[in-house]
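Q: structure of the sequence below:
(one chain, ligands or ions: 1)
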Amino acid sequence: MTTATTTRAGLIEVTGLTKRFGTFTAVDDLSFTVEPGRITGFLGPNGAGKTTTLRMLLGLIRPTSGTATIGGHPYVDLPHPLSSVGAALEATNFHPGRSGRDHLLVLADTADVPASRVDELLELTGIPAAARKRAGGYSMGMRQRLGLAAALLADPEVLVLDEPANGLDPEGIRWLRGFLRHLSGQGKTILVSSHLLREVEQTVDDVVIIANGRLVRSGPMAGLRGTPGALVQTSDPAALAGALRVADVTSTVAEDGSLVADTTDLRLVGDVALRAGLPVYGLAPRTADLEALFFELTEGTNRNLGAGAAGSPAVPLERDAMTGEEGANE
Ligand SMILES: Nc1ncnc2c1ncn2[C@@H]1O[C@H](COP(=O)(O)OP(=O)(O)OP(=O)(O)O)[C@@H](O)[C@H]1O
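A: Sure, this is the predicted structure:
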């Protein structure tokens, strides 16, 4: 069993985490771990409970039950929270009249971080010139980069980013991917939320997928992609399946009539078909349809649209420690 004294500093452990707002259960008995040196995608449709979970992890709201710890400690008990965890939960909470650089300088002062680190981070996040202008005029992508710079100020071991790809153009998403990869290469723990699997599928090593506040899947991204294979279109799939079996390759006929062979050796499949005298109309590696899988796993669970909305809250019930949003009780 893991204890606070033996847990690695950057390990995130969520155990039986539950959050109720009145009668509405936003996060329901959620358990997962996030490993250092890896990028983990925290995925689920709108309203699944991602932000609520991250807020509990960051000590901004109290769990109804369960725990969320970083290096074995709840956030509020971390001896050096700023150098342990950097977070960017919203891309909008900057003083609009203040420049991005000034915003970071204020934060740096609070966190006891030298001003030189601010300029280093503005370079790293690609906004050195724009950061001298008023933050009120920033695009969403710029605000994302500024939020990322703020999260990294104290060079934390753990980075928690809520929808960081929102508002980034394809070039920006590619940049973010490379940047996060670089940080995970330094051994940092990176937890990135998104409501789109497709947006992060090339970025993340592991996934934690939730729907209706509950865990539906967690593990390496490779496991989600499934076993690679070959897709073949031929005139007689059953005959080709028989010929492949002789060559020690198992296969199944898909709904659309194509044959899915359990091998990545396309040349072998082509050769077997040729020897069997069967025409091949199409031959390609099989790639998982992640979008379809994600939809299947989370189907109809967007609570903000009302589907499956039993007990859905009409009004916010609790004041949020970060945004000061309205609300009262738990
Ligand atoms: N303070 C609150 N009071 C009442 N209900 C809340 C509060 N905060 C969140 N909720 C509800 O809890 C559910 C989960 O919300 P949450 O913001 O955690 O989802 P999410 O997965 O982050 O969604 P999105 O992708 O849209 O940001 C939603 O139905 C939301 O309306």
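Q: helix/strand/coil for residue 270?
A: helix (DSSP: H, G, I helix; E, B strand; the rest coil).
Q: confidence score at it?
A: pLDDT for residue 270: 97.
Q: got the contact list for it?
A: The contact partners of residue 270, by Cβ atoms under 8 Å, 6 or more residues apart in numbering, come to 280, 283. Heads up, the C-betas are built off the backbone N, CA and C, glycines and all.
Q: what's in contact with whichever strand or helix holds residue 146?
A: Using DSSP states H and E, residue 146 falls within helix 140-152. The contact list for helix 140-152 (Cβ under 8 Å, 6+ apart) reads 86-88, 90-92, 94, 100, 103-104, 107, 118, 121-122, 124-127, 130-131, 135, 138, 159-161, 164-169, 172, 176, 179, 183.
Q: from these, which land in helices?
A: Per DSSP state H, helices hold the following members of these: 100, 103, 104, 107, 118, 121, 122, 124, 172, 176, 179, 183.
Q: can I get those in a markdown table with neighbour count?
A: Formatted as a markdown table, the ones in helices among the contacts of helix 140-152 follow (neighbours: other Cβ atoms under 10 Å):
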| residue | neighbour count |
| --- | --- |
| 100 | 27 |
| 103 | 20 |
| 104 | 26 |
| 107 | 17 |
| 118 | 24 |
| 121 | 25 |
| 122 | 21 |
| 124 | 16 |
| 172 | 19 |
| 176 | 23 |
| 179 | 18 |
| 183 | 21 |
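Q: quick check: the farthest pair among the residues you listed?
A: The span of the ones in helices among the contacts of helix 140-152, defined through Cβ to Cβ, is set by 107 and 172 at 22.4 Å.
Q: give me the number of neighbouring residues for residue 238.
A: Here the count is done by other Cβ atoms under 10 Å, and residue 238 has 11 residues near it.
Q: that one: what's its closest spatial neighbour, skipping adjacent residues?
A: Distances taken as Cβ to Cβ, 6 or more residues apart in numbering put residue 253 closest to residue 238, at 7.1 Å, once the chain neighbours are dropped.
Q: who does that neighbour bridge with?
A: In this entry, residue 253 is beta-bridged to residue 259, by DSSP bridges.
Q: show me what contacts it?
A: 237, 238, 241, 259, 260.
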